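# need the 3D shape of this:
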Amino acid sequence: MEEIQSRGDDAPLSTAKHGDTAGRASETLAEAKGDSLVGKTVTIDRPREELYSFWRDVGNLPHFMENVVAVEPLDDRRSRWEVKAPGGTTVGWISVITEDKPGELIAWASEEGADVPNSGRVEFRDAPDGRGTWVTATILYDPPAGIVGKVIAKIFQREPAIQARRDLRRFKQLMETGEVATAARNRREYEEEQQ
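Now for the predicted structure:
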């Protein structure tokens, strides 16, 4: 693994097959919070500066993050989050931007007292041959109720690994087409949305 890293491996850390990836990911964050690691990458056919600007305006995030009920900006670096949880409940926290490189990356960490302690970063890199932008989201989190909460969240499809993949796909759709495609909802999904 050391040989690969010394050659400048640019694959997302969460794809590593060996070692303590959560620990290594936390080393890249100013304030690491959590021990479960999620990482996903998507290629979007838009300039990285445009993607960064849209993401940096936290009020835009509920447009493509399926389980985010609301994000309220508190100041230039802090925002209050409310997110759907299993069983028709919500969880919340205040998030602080810990690193901000315009056009390149945004890193954050939840403040103390968060229902779901979390931290992470979103990176924007030019894809090869002018094929758009690679957007990589890396998230560390502590699920509520530990492993039991993680299993329950997975059953209700509120687990961050599932959501990260879906949300990045929705971000791609929104940025490339101007809208997010929706599938027909079943009765349970409709009732859940009404809560």
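# helix or strand with the lowest mean pLDDT in the protein?
Ranked by mean pLDDT, DSSP states H and E, the helix or strand of the chain with the weakest confidence is helix 2-6, at a mean of 33.
# neighbours of residue 81, how many?
Residues near residue 81, counting by other Cβ atoms under 10 Å, number 25. Where C-beta positions appear, they are placed from N, C-alpha and C, glycine not excepted.
# quick one: contacts for it?
Residue 81 sits next to 68, 70, 71, 92, 93, 94, 95 when contact means Cβ atoms under 8 Å, 6 or more residues apart in numbering.
# next one, pLDDT for the second one please.
Confidence per residue is given as pLDDT, and for residue 70 that number is 95.
# ignoring the adjacent residues along the chain, who's closest to it?
Nearest residue to residue 70, sequence neighbours excluded (Cβ to Cβ, 6 or more residues apart in numbering): residue 82, at 4.8 Å.
# any idea how far that neighbour lies from residue 171?
Distance, residue 82 to residue 171, by Cβ to Cβ, to the nearest Å: 19 Å.
# which one of the two is surrounded by more residues?
Per other Cβ under 10 Å, whichever of residue 82 and residue 171 has more neighbours is residue 171, with 24 against 17.
# quickly find the element holding that one.
Assigned by DSSP states H and E, residue 171 falls within helix 160-177.
# name the residues of that helix that are buried.
160-164, 166-175 (16 or more other Cβ atoms under 10 Å).
# do stretch 47-54 as well
Within stretch 47-54, the residues scored as buried using 16+ other Cβ under 10 Å are 48, 51, 52, 54.
# three-state assignment of residue 49?
For residue 49, the assignment made with DSSP: H, G, I helix; E, B strand; the rest coil gives helix.
# give the contact list for it.
Contacts of residue 49 by Cβ under 8 Å, 6+ apart are 102, 103.
# distance check, it against residue 103.
Per Cβ to Cβ, residue 49 is found 5 Å from residue 103.
# one more: residue 164?
22 Å.
# hang on, the earlier thing: nearest to residue 180 among the contacts of residue 81?
Nearest to residue 180, judged by Cβ to Cβ, of the contacts of residue 81 is residue 68 at 12.9 Å.
# any idea how many residues pack against the closest one?
Applying other Cβ under 10 Å, we find 17 residues neighbouring residue 68.
# got the contact list for it?
61, 62, 81, 82, 83, 84.
# these in strands, which ones?
Counting by DSSP state E, these place 81, 82, 83, 84 in strands.
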